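Visitor: I need the structure of the sequence given here:
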Amino acid sequence: MWMRAIQIAFVYVGTVVGAGFATGKEIVQFFTQYGAIGIVMIAVSGGLFIFFGTRLMLMANRLHARSYEQLNAYLFGKVSIVVNMFMFVVLFSVTSVMLSGAGAVFEEQLHMPAYVGLLFTMVLTFVTMLFGLHGILSVNMVVVPLMIIFSLSIAMMNGGDMVWTEPPFAAFFSPFAYVAFNLAMAQVVLVPLATEVKDERTIRLGGWLGGMLLMGILFSSHLALSLLPNLQSYSIPMAEVVKRSLASFYGLYVVIIYGEIFTSFIAGVFGLHRKLALFFRTPIFVLIALLIAMYTFSLVGYNALLSVLYPLFGYMSIIFIFLLFYRKMPS
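Guide: This next block holds a predicted model:
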């Protein structure tokens, strides 16, 4: 039971973290910019990750849902068709952004052409997807422990003097917005993963462990980032922290950044491929076509598209966790 629960927890963590999490940008935006009160907000986020993540997986398990569409059908009812279509577009866009981020790591940190990073990531993803959920489990069992160790190391090397200030009223909604957005995205993997688990105690334990790990990583990152002056001026604030305190391990940080992006990328690809494969007899060709489409999309301008999609998806995500709380747990 424990081993399976740890696998669930690691997939949960690996699916939630991504480019914004790895670089520290998301953490600054939602928590660290508000100073010491960010600790309280992170604690609230941890509780929400535990409660809603566990509830999501238990609900999917009892519904025998094989994909996020089936869970959304239960939550949203008749409008689930529209929700699922919209989510498909958002998921494709966000996953393509992850691919673009992988290319940026190669270009900015390894001084290699971005297309090398894109192609390398696509090949690695193709191989991972051949093993389905087991491939995703294997990747996360490697990446997530490294991420946890590195995050804790940074926290121990840093200890910022955080100032207690009075945050704006809107800041108190940050934990809810952060958890809602990430869970709405993570369901593409958590739903089919939970359905494969027979024991509900294992799901509960995995949800608790995953939520606690996410809270711990958020807290340690927040602690380190609080040292930076003018932290909102950095595009990759965590890189600045590493350069100042663990410069000799900067190469490892680059690997972990890539790993965090990759775990989120394969989660998105898995959800999209599972959806498209229902309509075609050759899943491998669907996977190839999907990766090529993402490669193309990652090369063109998508900022304008995401500036519209992100806010809309944010509102939908709030409704998603409300319904997750409101709907009766299937028996």
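
Visitor: Leaving out sequence neighbours, find the closest residue to residue 263.
Guide: residue 14 (3.6 Å; CB to CB, 6 or more residues apart in numbering). The way it works is simple: take the backbone N, C-alpha and C, and place the C-beta from them, glycine included.

Visitor: so who does the one you found touch?
Guide: 136, 139-140, 143-144, 260, 263-264, 267 (CB atoms under 8 Å, 6 or more residues apart in numbering).

Visitor: That one and residue 82: what is the separation?
Guide: Using CB to CB, to the nearest Å, we find residue 14 at a distance of 29 Å from residue 82.

Visitor: Go ahead and confirm residue 53 touches residue 183.
Guide: Yes - counting by CB atoms under 8 Å, residue 183 is a contact partner of residue 53 at 6.4 Å.

Visitor: The two: which is more packed in?
Guide: residue 53 (29 against 23; other CB atoms under 10 Å).

Visitor: Assign a three-state SS to the more buried one, would you?
Guide: helix (DSSP: H, G, I helix; E, B strand; the rest coil).

Visitor: which secondary element of this protein has the worst mean pLDDT?
Guide: helix 19-23 (a mean of 67; mean pLDDT, DSSP states H and E).

Visitor: ok, the contacts of residue 14 vs residue 49, which is closest?
Guide: residue 144 (14.5 Å; CB to CB).

Visitor: which residues does that closest one contact?
Guide: 10, 13-14, 213, 263.

Visitor: Endpoints of stretch 244-257, how far apart?
Guide: Stretch 244-257 has an end-to-end distance of 17 Å (CA to CA, to the nearest Å).

Visitor: any residues touching it, and which ones?
Guide: 19, 22-23, 105, 109-110, 143, 146-147, 150, 153-154, 157-158, 224, 227, 238-239, 242-243.

Visitor: Sort out which residues of it are buried, please.
Guide: 246, 249, 253-254, 256-257 (16 or more other CB atoms under 10 Å).

Visitor: now the helices for the stretch 1-150 of the chain?
Guide: Applying DSSP state H, counting those that start in this stretch to the stretch 1-150 of the chain gives helices spanning 2-16, 19-23, 25-30, 37-63, 68-76, 80-109, 114-129, 132-157.

Visitor: could you give the angle of the fifth one to helix 37-63?
Guide: For helix 68-76 against helix 37-63, the angle by axes from the mean of the first three to the mean of the last three CA atoms, to 10 degrees is 100 degrees.

Visitor: Any idea how many residues pack against the nearest residue to residue 70 once chain neighbours are set aside?
Guide: Excluding its sequence neighbours, the residue lying closest to residue 70 (CB to CB, 6+ apart) is residue 63, at 6.3 Å. Neighbour count for residue 63, taken as other CB under 10 Å: 17.

Visitor: Would you confirm that residue 63 contacts residue 74?
Guide: Yes - shown here, residue 63 and residue 74 form a contact pair, counting by CB under 8 Å, at 5.8 Å.

Visitor: Find residues that contact each of the two.
Guide: residue 330.

Visitor: does residue 281 count as helix, strand or coil?
Guide: Residue 281 ends up coil, using three-state DSSP.

Visitor: and it, how many neighbours does it have?
Guide: Using other CB under 10 Å: residue 281 sits among 7 other residues.

Visitor: what's the answer for the one 3 residues further on, then?
Guide: Residue neighbour count, defined by other CB under 10 Å, stands at 13 for residue 284.

Visitor: so which strand or helix has it?
Guide: helix 283-299 (DSSP states H and E).

Visitor: Tell me, how many residues neighbour residue 312?
Guide: Quick note: residue 312 (other CB under 10 Å) scores 12 neighbours.

Visitor: Would you agree it is in contact with residue 86?
Guide: Yes - counting by CB under 8 Å, residue 312 sits close enough to residue 86 to count as a contact (7.4 Å).

Visitor: how near is the residue nearest to residue 263 to residue 122?
Guide: 19 Å.

Visitor: Check residue 170 too.
Guide: 39 Å.

Visitor: Between those two, point out the one with more neighbours.
Guide: Taking other CB under 10 Å, residue 170 and residue 122 do not tie; residue 122 has more neighbours (21 against 8).
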